[in-house]
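Participant: What shape does this take:
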Amino acid sequence: MSEETGIGGLLQGGRAAGADGDDRQTGAQGAGSDEELLSYALETLDIELAEARRMRDRLDGSIVRACRLLLDCRGKVVVSGMGKSGHIGKKIAASLASTGTPAFFVHPAEALHGDLGMIGAQDAVIFISYSGRARELDLILPLLAESAIPLIAITGSGDSPLARAAACVLDVGVEREACPMGLAPTSSAVNTLMMGDALAMSLMRFRGFNAEQFARSHPGGSLGARLLNRVYHLMRGGERLPLIACRGSVMDAMLELSRTGLGLVVVCDERQRVAGVFTDGDLRRWLLKGRTLDDPIIDAMSRPGYVLPAQWRAGAALEALHQRHISAAPVVDEEGRLVGAINLHDLHQAGIG
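Facilitator: I've put the predicted structure just below:
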């Protein structure tokens, strides 16, 4: 290589090539079609789906061994991985934790600077590395082995240091990445994510983890509101409860409707049991018939009226009101006695809907 074609020449050549490349790229962008972009997207999905199918076809008893290892774990599951593997590891840890398997993510670099102390003797570790040769493993693997902490490897290399040190290996290897240069983890990233989901869902179903338990991990969302709240948590009681006795009049019911704004008045007998209900609609229909406000409420009310059990989940109560095309209902205890009332607004205000 002559002096002219040394480093400076290469840099100049690189800049020139880059400039030409930019021009070509700009020209290609101008000439490219929507069909071309669509074809790229479809090709990406086709490659990733094909690799996912290949992973499914070779899935064997290793997933069973991994599940058994985590079912036997008395501590927590610690998930770790570098780069893109780390991002996917965080999702896998979150999926495990929200479906009945206590788990958290530890970054390998942070583990080597103190966070390794977060891993206890009763824990199990899932380490994600497609090559199985992340540099951090040189220091982490001996420490895990010294403490006899079981290790599950999610990797594409069955003969890597990670695979050899693991009690169980989950193979996410691919023949082809969707990246045309074969550099960006695409098909392998999808396989890793799917393997994590397969692991989490298998454990969840084996444990019989149910929707209410799931909601306890998500109390701040609409799912938690639907499943954790009971009718008695949200119902109106005391002075907010629209109530009159069977001996009352339509006038008494109208005043209660106006006072509480629930859209419904509960008519009770002397034992505090619901005899019927009277709604805004009932009032309009009563007056249109030419009847008076002095008439007895027992002649105007709807019998017996739909009631909601206080112990019902709020989500089930909402569905029941929608199915019956009503906006409110009395709430009764296990003995059938009136304890409150609730309407759609109360449920929506609690984030249920």
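
Participant: The helix or strand hosting residue 68 - contacts with which helices or strands?
Facilitator: Following DSSP states H and E, one finds residue 68 within helix 61-71. Using 3 or more C-beta pairs under 8 Å, 6 or more residues apart in numbering; DSSP states H and E, the elements in contact with helix 61-71 are strand 151-155, strand 168-171, helix 187-207. (Glycine included, C-beta is placed from N, CA and C.)

Participant: Assign residue 341 to helix, strand or coil.
Facilitator: Classification of residue 341 by DSSP: H, G, I helix; E, B strand; the rest coil places it in strand.

Participant: cool, and residue 50?
Facilitator: Assigned by three-state DSSP, the conformation of residue 50 is helix.

Participant: now do residue 277
Facilitator: Recorded secondary structure, residue 277: strand (three-state DSSP).

Participant: In the stretch 251-353 of the chain, where is pLDDT below threshold?
Facilitator: 353 (pLDDT under 70).

Participant: before we move on, the earlier item: how about the helices and strands packed on helix 61-71, which one is nearest residue 284?
Facilitator: Among the helices and strands packed on helix 61-71, the nearest to residue 284 by C-beta to C-beta is helix 187-207 (51.2 Å).

Participant: domains in the chain, as residue ranges please.
Facilitator: With domains defined by automatic domain parsing, the chain comprises 55-209, 228-349.

Participant: could those go into a markdown table alongside distance to residue 38?
Facilitator: Output for the domains of the chain, formatted as a markdown table (distance: least, C-beta to C-beta, whole Å):
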| stretch | distance to residue 38 |
| --- | --- |
| domain 55-209 | 15 |
| domain 228-349 | 41 |
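
Participant: buried stuff in the helix holding residue 68?
Facilitator: By 16 or more other C-beta atoms under 10 Å, the buried positions in helix 61-71 come out as 62, 63, 66, 67, 69, 70.

Participant: Just list the residues touching the last one, thanks.
Facilitator: Residue 70 makes contact with 77, 101, 124, 152, 199, 203, according to C-beta atoms under 8 Å, 6 or more residues apart in numbering.

Participant: does residue 265 count as helix, strand or coil?
Facilitator: strand.

Participant: where exactly do the strands run in the chain?
Facilitator: Residue ranges of the strands in the chain, as given by DSSP state E, are 77-81, 103-105, 124-128, 151-155, 168-171, 243-245, 264-268, 274-279, 308-309, 328-332, 338-343.

Participant: hmm, back to that, for the record, mean pLDDT for the helix holding residue 68?
Facilitator: Per-residue pLDDT values across helix 61-71 average out to 96.

Participant: now it: how far from the chain's centre is it?
Facilitator: 24 Å (C-alpha atoms, centre = their mean, to the nearest Å).

Participant: got the CA positions of it in PDB?
Facilitator: Provided in PDB are the C-alpha atoms of helix 61-71 (Å, rounded to 0.1, in the frame of the first residue of the first chain):
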ATOM      1  CA  GLY A  61     -37.700 -32.200  27.200                       C
ATOM      2  CA  SER A  62     -35.400 -29.300  27.900                       C
ATOM      3  CA  ILE A  63     -38.400 -27.000  28.500                       C
ATOM      4  CA  VAL A  64     -39.900 -29.600  30.900                       C
ATOM      5  CA  ARG A  65     -36.600 -29.700  32.800                       C
ATOM      6  CA  ALA A  66     -36.500 -25.900  33.000                       C
ATOM      7  CA  CYS A  67     -40.100 -25.700  34.300                       C
ATOM      8  CA  ARG A  68     -39.300 -28.300  36.900                       C
ATOM      9  CA  LEU A  69     -36.200 -26.500  38.000                       C
ATOM     10  CA  LEU A  70     -38.200 -23.200  38.400                       C
ATOM     11  CA  LEU A  71     -41.100 -25.000  40.200                       C
END
